[in-house]
Each structure stands twice: as C-alpha cells, then as structure tokens.
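Asks: no sequence on this one, just coordinates:
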C-alpha cells in the first residue's frame, strides 16, 4: 500500500494536474469511479495505473472486476495519498493514470461524419467538458478542437465529460481553416453559433443535412475571420429576460437540434 503522500511516485501522479507535465509525459489523470469505469469499458488500452483506497474498491467492485478483466492491478493507497494525487478535494477514493489518445483530424473526416462539433478557442474547462458530453449524448461523430481551446485532458475537462471523453473521437491542435476545408470536402455544411447570426428557426430545416457546428470563445464569440469561413451563422432566440445563454448550454441545444432533424428524416 502506498502510504507516503510525499513519495516521488505520488508526486509524479500529482504533477499531471499541470499541463506541462501532461505534455511531457503524454499522460493524464482520471478521478473517481465513473471516469475509471468508462475508461475501462471503452479504452482499457489507455490505462497505465489505477490507485484506490480499500474502502473505494469494496464499494465499487465493478471497477475492480473491470480492471482485473483488463489485466490491470489496482494499487491500494491511503486516503491522504489519494488526496495528494487528485485535483479535486474529494476524489471518491479512485485515481487512474491514462495515456492521451487524441484522434487525427483526417481520420475524423475519413469516417464520413454527419454531425461534428468544432470548438474554436473555448477556454473554460467546464464548458469544453460539457460540450463533449453533449456531443456524445446527441450522437455526434467527433469533436475537433482548434485555436487555443483548453486542453481536453485538463482534469476539470475530464470530470465535466463524465466519461464521454472515451466515447467519441476528440481531435486537438487543428487549424480552423483546414478543418472547415476538410468538412466541406466531405459534404458537411459548416454552421456557426453566434449572437450576430440569422434567425435559428428560419433555418431549422437545413439542420437535417450533414452539419459541422462551430462554437467560439465564451467572452468574445467568433472572430470575423472565423465567421468568414462558414456557410451559415445562426443565433438562438432568447424568449425570456436572460442576457444570453452559457456557451455549453447553447452548444447542447444546437447539437440536439441537428440530432432531432437528422433522425426525423426531414429535408429542407
């Protein structure tokens, strides 16, 4: 059992809360039973180590069994060691280390997607994680991160995806112009969500077509250069007194509107 929170091994795991350590090692942190459960179910090949308190393994025996099925040993630790490793105050007794496994942009488009989300300079970890989760729930084929979008392996992003990080391809470090060109080359209409766009309801039928949604920065939205690349810019209506919608909320609505339209068989 690991008992010393200051040991080199524990410190090495804890360093993965920092982007520099993640970039250097190609590893990232998973915290809690849900993240471990999803990783073991969908990408067990990426898991390097699993740490847990005896009480957590007793409570979450399905995680223990999945780890054994994947040929992984669970290393027992004290509560203080888990606390030292984790980014959260309450890691729920389980922390894992996994290899980053981003998808290549070319592979995303080679799979002939019908719905994808493109995030351009999305900076808030919670927003990005929620967009990835919403894209997964809406049946999107991939999420592509462009510009200075936050690292998808940031612990806050990973937590906010609640396991969706392992369910669909995530491509990183892409150039927006190249992504839009690739989307067009496979027949996707690129639609930007922006407060300066056209009326959403007037163009709702077009969402039945294969679509790549483009979402921008929380504070600034999309720059003019980005907007000039897309086929259509739409704004969600505000019926109440709210000043605006949170980015992740707006993205969820847009992705689900496309999912509904594509599954209804409607065409403009």
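Replies: The structure has been received and is ready for your questions. Predicted model only: the values in this text are computed from it and were never measured.
Asks: Low-confidence ranges, the chain, go.
Replies: In the predicted model of the chain, residues 265-268 satisfy pLDDT under 70.
Asks: can you give me the strands for it?
Replies: Using DSSP state E, the strands of the chain run over 27-31, 47-52, 74-76, 94-99, 115-120, 142-146, 170-174, 189-199, 211-215, 232-235.
Asks: Quick check: which of these is nearest to residue 38?
Replies: Of all the strands of the chain, strand 27-31 sits nearest to residue 38, with 8.7 Å by CB to CB. For every residue, glycine as well, the C-beta is placed using N, CA and C.
Asks: Looking at the strands of the chain, which one is packed in the most?
Replies: When these are scored by mean count of other CB atoms under 10 Å, the highest mean neighbour count falls to strand 211-215 (a mean of 28).
Asks: That one: how far from the chain's middle?
Replies: How far strand 211-215 lies from its chain's middle: 15 Å, per CA atoms, centre = their mean, to the nearest Å.
Asks: ditto for stretch 245-261
Replies: 15 Å.
Asks: which residues are contacting it?
Replies: Contacts with stretch 245-261, where a contact means CB atoms under 8 Å, 6 or more residues apart in numbering, come from 115, 117, 122, 124, 126-127, 130-131, 134-135, 137-140, 191, 193, 200, 204-205, 207-208, 211, 213, 215-216, 218, 234, 236, 238.
Asks: need the contact list for the nearest residue to residue 198 once chain neighbours are set aside.
Replies: In this structure, residue 198 finds its nearest non-sequential neighbour in residue 234, 5.8 Å apart by CB to CB, 6 or more residues apart in numbering. Contacts for residue 234 (CB under 8 Å, 6+ apart) come out as 191, 192, 193, 194, 197, 198, 199, 200, 203, 254.
Asks: next one: residue 6
Replies: If a contact means CB under 8 Å, 6+ apart, then residue 6 has residue 84 as its contacts.
Asks: Please enumerate the helices of the stretch 51-200 of the chain.
Replies: Applying DSSP state H, counting those that start in this stretch to the stretch 51-200 of the chain gives helices spanning 54-59, 61-69, 79-85, 105-110, 125-137, 155-161, 176-185.
Asks: Of those helices, give the one that comes closest to residue 147.
Replies: Going by CB to CB, the one of the helices of the stretch 51-200 of the chain nearest residue 147 is helix 176-185, 6.3 Å.
Asks: That closest one: which residues count as buried?
Replies: 176, 179, 180, 182, 183 (16 or more other CB atoms under 10 Å).
Asks: Run the chain-centre distance for stretch 102-116.
Replies: With CA atoms, centre = their mean as the basis, the mean position of stretch 102-116 lies at 15 Å from the chain mean.
Asks: how about it: buried residues?
Replies: 103, 105, 108, 109, 113, 114, 115, 116.
Asks: nearest to residue 66, of those?
Replies: Nearest to residue 66 among the buried residues of stretch 102-116, counting by CB to CB, is residue 103 at 23.4 Å.
Asks: for the closest one, what are its contacts?
Replies: Contact analysis of residue 103 by CB under 8 Å, 6+ apart lists 142, 169, 170, 171.
Asks: May I see the residues you listed organised as a markdown table, with distance to residue 48 added?
Replies: Converted to a markdown table, those look like this (distance: CB to CB, whole Å):
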| residue | distance to residue 48 |
| --- | --- |
| 142 | 25 |
| 169 | 21 |
| 170 | 19 |
| 171 | 22 |
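Asks: Show me which of those is closest to residue 81.
Replies: Distances from residue 81 to those, taken as CB to CB, are shortest for residue 170 (29.8 Å).
Asks: Show me what that closest one bridges to in the sheet.
Replies: Counting by DSSP bridges, residue 170 is bridged to residue 143.
Asks: and what of the one 4 residues further on?
Replies: On the basis of DSSP bridges, residue 174 is bridged to residue 146.
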